[in-house]
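> next comes the sequence, and after it the predicted model I'd like to discuss.
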Amino acid sequence: MTASTEDWEHALITGNGRQGALCYGSPAALRFTLAHEDVFQPVTEPLPAPATAAALPHLRQLLADGRYAEAATTVVDLAVAEHPGYAGTRWIDPLIGTATLTFTPDRPGDGWSRGTDFGTGVVRAGWDGVSCEAFFSRPADALFIRVTGCDGRLSLTPIHGTPESPIEAELTEGPGSLTLTARFGGATWAGALDGYTVTVRSWRTPIGVVIAARTTPGLESRDFSERPDFDALLAEHVRVHGDLIGRTRLTLPDRRTGLLFDAGRYAIISSTGARPPTLQGVWSGTYSPPWRSGWTIDGNLQAALLAVHTTGTPELMPPLFDLLDALREDLRENARRLYGLPGLYAPAHLGTHGKQNHFGPVWCLTFWTAGAAWLGRLYLEHWQHTGDQGFLRDRALPFLREVAEFHLAFVQVVDGQARFSPSYSPENHPRNTGSQASVDATLDARAGGDVLRALLDLDAGHPRAQRWRALLEALPPYRITEAGELAEWLDPRFDDNHAHRHSSHLCSLYYGGDPDLLDDPALRAAAVRTVRERLRWWLSEDSDEMGYGLGLLGVAAARLGLAEEAHAALTRLSDAYWRPNLVPTHNRDHMFNVDLAGAYPALVAAMLLASRDVGPDGVARLHLLPALPREWPAGSVQGLTARGPVRVDLTWRPGSGEATLTSALPRTAEVTWPGGTVTVTLAPGVPHRLSLTG
């Protein structure tokens, strides 16, 4: 890449999960804007979720009477009466950039180029006779920069812009050292971060300079005790980072797809540390990132994490569970205050707290009760892809039980059928009401049913199992609209609205697939029609938003075997949502964002491999090349992971192919490919080779 830039959104990225650096500039000045996963500036005091539990019967009556907008407004009025802070929209705290380190060379020149090595995590830039290498070390938890061919001057400053709340920044300089201490003002509530410290050290070498930098949350810095050995540190980093990035390798005739597959995985690996990636990963060059760059769980975070298991990096998932553990009491309090119920209620936006603070008369997010259930699916994904019994016992089942506890208390069973009121289908509204407030969103029933089925399979001896089964049997079936499509709302009062970025009623198709849908020809056909109708909008010029939503729709298409549609989604994503720096954007060439960095490789993987949940019979059901487009007549992929877990290596060419299956556990596998089906017995750790002919 030969273009220089002073815009951090067009920077190259390096990160170790906990910290990240945006690398940009020109031969006149090399810039590195730093961020840390824990540095959210405290600007909005968290409040308890509004106490609306007593109003639940009234809210349900308003919704039953078709007074949808009034129901949403009633919640806001009750919240404002309780606390005036709810009079305006309340956001989570923003993830901010911590500082910009600038190296001004004493020998600028021509011939500028820059690029990122995904295998090592090294960002390189250079010009005539000068080179710069930078990487964020995982083992050493610091940024290391080596400039050769010139000397220069270092400076360290706060990022550009005006913070939403004052920050007092103090720079201390010494021989070869710079320390920026930033103190946050105005935050008096418990748990608010008091500030952060950025420490920079530099050492001259016979041919240039070596620089080290790190951000430390809080006002106590972590210094560098000795001059770093750049090559040794890089080798240690590559052993960890290179192992993660190398778990899956893809070869396609379409080089662009292969490049973006690697770029997406690189961004997610580089921004997953002690916490999962935020909307901007672990990078920020602003005090006011879009949506505060927290964790949005009505689709964004799920998209970012969607390829973690299928591409063989399950250790990137526990940071999400650690985050949910840290916020668990807030999720319980939400359920008590909003609905007067036990169990868990997860709001759409998570950050330094998990309290339901973000809602309004339009975005009536207190009505979204499926959040914890959808997160429960991610616990199941981890179990299905690892077979980790300790995780199942100690982490997954306890979370799922609390999710089920909420639904047992919240769901009304009327004439033998469960009803979800209030309800909300992210972030859509029925075409005929204009309000996002609703009842019986399809996602509510399907996400809740997913949790209940899993508990009955995995925890059948639990004292509440009979109640779980009764609720599961009462859940309403999918509804097919008059147009023959899968309805987004089960209540026939609501007309579908296809001109929208979300398709949450297809949620099960992002994962193992709901057997009720996949095994029913009429429902499957309705899902196909829905995918095609949504895709028609996405491919039009009317849509220009949230590429991750198109990624999820493409995954649903692949799960249904729609190769042409999946490839059309992939092509639009490739053409419109990636910048030359190989970081995706939220909208078409607008807003640095990593959600698509997870959804894109997940879509590619879904076109090459599908698998169902392993049920009580213990059989792994795999579908090889389920949505192979004609544009990929030959190719190979090594290291995909199916539910089981089963590692899958694939090579294909016109009319034939080979697959190698390796199971971590003794497993019977039913394997389907375009030419046939076979049942095989897999011994632990023993590769089983299949010839894909017929």
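Good, I have the coordinates.
> and E533, what element?
Element membership for E533, per DSSP states H and E: helix 521-538.
> same question for that helix, mean pLDDT?
The average pLDDT for helix 521-538 rounds to 97.
> over to stretch 578-586?
According to the model, stretch 578-586 has a mean pLDDT of 97.
> and for stretch 235-254?
Taken as a whole, stretch 235-254 has a mean pLDDT of 98.
> correct me, but H498 touches E533?
Yes - using C-beta atoms under 8 Å, H498 is in contact with E533, at 4.9 Å. Every C-beta, even on glycine, is put in place using the N, C-alpha and C of the backbone.
> what is the helix holding E533 packed up against?
Counting contacts by 3 or more C-beta pairs under 8 Å, 6 or more residues apart in numbering; DSSP states H and E, helix 521-538 packs against helix 515-518, helix 547-559, helix 563-576.
> tabulate the ones you listed (TSV), appending mean neighbour count.
Shown next, in TSV, are the helices and strands packed on helix 521-538 (neighbours: other C-beta atoms under 10 Å):
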stretch	mean neighbour count
helix 515-518	17
helix 547-559	29
helix 563-576	20
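> any chance of those helices in JSON lines, with distance to A55 too?
Listed next are the helices and strands packed on helix 521-538 as JSON lines, based on distance: least, C-beta to C-beta, whole Å:
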{"stretch": "helix 515-518", "distance to A55": "34"}
{"stretch": "helix 547-559", "distance to A55": "32"}
{"stretch": "helix 563-576", "distance to A55": "42"}
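> tell me which of those sits nearest to P290.
P290 sits nearest to helix 547-559 of all the helices and strands packed on helix 521-538, at 13.1 Å, using C-beta to C-beta.
> run a quick neighbour tally on G618.
Look at G618: counted by other C-beta atoms under 10 Å, it has 11 neighbours.
> contacts only, for it.
Contacts for G618 were tallied using C-beta atoms under 8 Å, 6 or more residues apart in numbering; they are 667-668.
> try it again with 10 Å
G618 sits next to 644, 665-668 when contact means C-beta atoms under 10 Å, 6 or more residues apart in numbering.
> from L517, how far off is it?
Applying C-beta to C-beta, to the nearest Å, the value for G618 to L517 is 23 Å.
> hmm, back to that, using PDB, list the CA coordinates for the helix holding E533.
Extracted as PDB, the C-alpha positions of helix 521-538 are listed here (Å, rounded to 0.1, in the frame of the first residue of the first chain):
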ATOM      1  CA  PRO A 521     -40.100 -28.500   4.100                       C
ATOM      2  CA  ALA A 522     -42.700 -25.700   4.300                       C
ATOM      3  CA  LEU A 523     -40.700 -23.800   7.000                       C
ATOM      4  CA  ARG A 524     -37.500 -24.300   5.200                       C
ATOM      5  CA  ALA A 525     -39.000 -23.000   2.000                       C
ATOM      6  CA  ALA A 526     -40.400 -20.000   3.900                       C
ATOM      7  CA  ALA A 527     -36.900 -19.300   5.300                       C
ATOM      8  CA  VAL A 528     -35.500 -19.400   1.800                       C
ATOM      9  CA  ARG A 529     -38.000 -16.900   0.600                       C
ATOM     10  CA  THR A 530     -37.200 -14.600   3.600                       C
ATOM     11  CA  VAL A 531     -33.500 -14.700   2.900                       C
ATOM     12  CA  ARG A 532     -34.000 -13.900  -0.800                       C
ATOM     13  CA  GLU A 533     -36.400 -11.000   0.100                       C
ATOM     14  CA  ARG A 534     -34.000  -9.500   2.600                       C
ATOM     15  CA  LEU A 535     -31.000 -10.000   0.300                       C
ATOM     16  CA  ARG A 536     -32.900  -8.100  -2.500                       C
ATOM     17  CA  TRP A 537     -33.000  -5.100  -0.200                       C
ATOM     18  CA  TRP A 538     -29.400  -5.500   0.900                       C
END
